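Peer 1: Any chance you can model this:
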Amino acid sequence: MTNDRSRPWAVVTGAARGMGRAVARQLAVAGFDLLLLDTPSPDLIEGLGYRLATADELTDTVLQCEDFGAAVVALPVDVRDAAAVSAALEHVPAGRLQAAVAVAGIIGADKPAWEFTPAELDLDLSVNLHGVANLARAAVPALLHAPGGHGRFVAVVSTAGQTGLPRLAGYVAAKHAALGYIRALAADLGPHGVTANAVLPGSTRSALLDHSAHVYGLPDKEAFAPHQRLQRILEPSEIAAAVAFLASPASSAITGAAIHVDGGFVG
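Peer 2: Now for the predicted structure:
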């Protein structure tokens, strides 16, 4: 690992695959060194209905980012574990953290909204809301002293953060909560010059979209394309481009925003 003190650092959760990997790659291209976090085990959450990322996938992300010249630290961390997230941030050199990006997310149970149990609602909230808040709790003290005063917090939420979806009440409720949290975070951080924003992807190639197709009994994820005005599934790199902009000094006047990168989602 190099020690170029001119390069800022970013932390990315959910970095092993999909949108998280694309975000990590784009930030590496933009000149960031990286702390990459993802789940300790592909079967960490019992009964989830699909596997989480593997250690090999996280290693692949590391290698790709290193190819772009980034110094990378990768750690197996469950974002539900606030202490583990906080401990991970100690690997970032003091005074070098410029961006924190919360990508990690899950789809828990799928059933009619009125059938969700408290435990099923809590599962979605534990990752999709508390995972974001745990990262903020750990990262914001460092972002307050970011290089050049350009502290950035970005959460990858979902179009579900502003609309209802059938059979996914836990996911939808948690994403609404995450967006509300980001808006409140922006209000608190504003006087300190640190921004907080959310990116709301539409149907994007990912393990979650594969699972969503299964939930709705669709043949594959391509069946979601007609629900977006662009009539296609989005690529993770398209989401990552928006995140990278929000993590850059060029986004200095944007905070508390919900940036729709959804191909013109129509429901």
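
Peer 1: what's the pLDDT at Gly217?
Peer 2: Among the per-residue scores, Gly217 holds a pLDDT of 84.

Peer 1: In space, not sequence, find me the middle residue of this structure.
Peer 2: Relative to the mean C-alpha position of the chain, the nearest C-alpha, by C-alpha atoms, centre = their mean, is the one of Val103, at 1.1 Å.

Peer 1: right, and that one touches Val12 too?
Peer 2: Yes - with contacts defined as C-beta atoms under 8 Å, Val103 counts as touching Val12 at a distance of 6.1 Å. C-beta coordinates here come from the backbone N, C-alpha and C atoms, glycine included.

Peer 1: what do these two both touch?
Peer 2: Here Val103 and Val12 share the contacting residues Gly20, Val23, scored by C-beta atoms under 8 Å, 6 or more residues apart in numbering.

Peer 1: Distance of Leu234 relative to Leu209?
Peer 2: When C-beta to C-beta, to the nearest Å is the yardstick, Leu234 and Leu209 sit 9 Å from each other.

Peer 1: Please identify every residue contacting each of the two.
Peer 2: Ser203.

Peer 1: Would you mark the buried spots in the lowest-mean-pLDDT helix or strand in the chain?
Peer 2: In the chain, the helix or strand scored least confidently by mean pLDDT, DSSP states H and E is helix 207-215, which has a mean of 82. By neighbour count, and taking 16 or more other C-beta atoms under 10 Å as the criterion, the buried residues in helix 207-215 are Ala207, Leu208, Leu209, His211, Ser212, Ala213, Val215.

Peer 1: Serialize the residues you listed to a markdown table and add fields for distance to Ala24.
Peer 2: Formatted as a markdown table, those follow (distance: C-beta to C-beta, whole Å):
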| residue | distance to Ala24 |
| --- | --- |
| Ala207 | 16 |
| Leu208 | 17 |
| Leu209 | 19 |
| His211 | 22 |
| Ser212 | 23 |
| Ala213 | 25 |
| Val215 | 27 |
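
Peer 1: Thr61: which of those residues is nearest?
Peer 2: Of all the buried residues of helix 207-215, Ala207 has the smallest distance to Thr61: 14.1 Å, by C-beta to C-beta.

Peer 1: In this structure that closest one contacts Tyr50, no?
Peer 2: Yes - the pair Ala207 and Tyr50 passes the contact test of C-beta under 8 Å, sitting 6.0 Å apart.

Peer 1: distance of the residue nearest to Arg51 when sequence neighbours are not counted from Ala207?
Peer 2: With C-beta to C-beta, 6 or more residues apart in numbering as the criterion, Arg51 has its nearest non-adjacent residue at 4.3 Å, and that residue is Pro42. Taking C-beta to C-beta as the criterion, Pro42 is separated from Ala207 by 10 Å.
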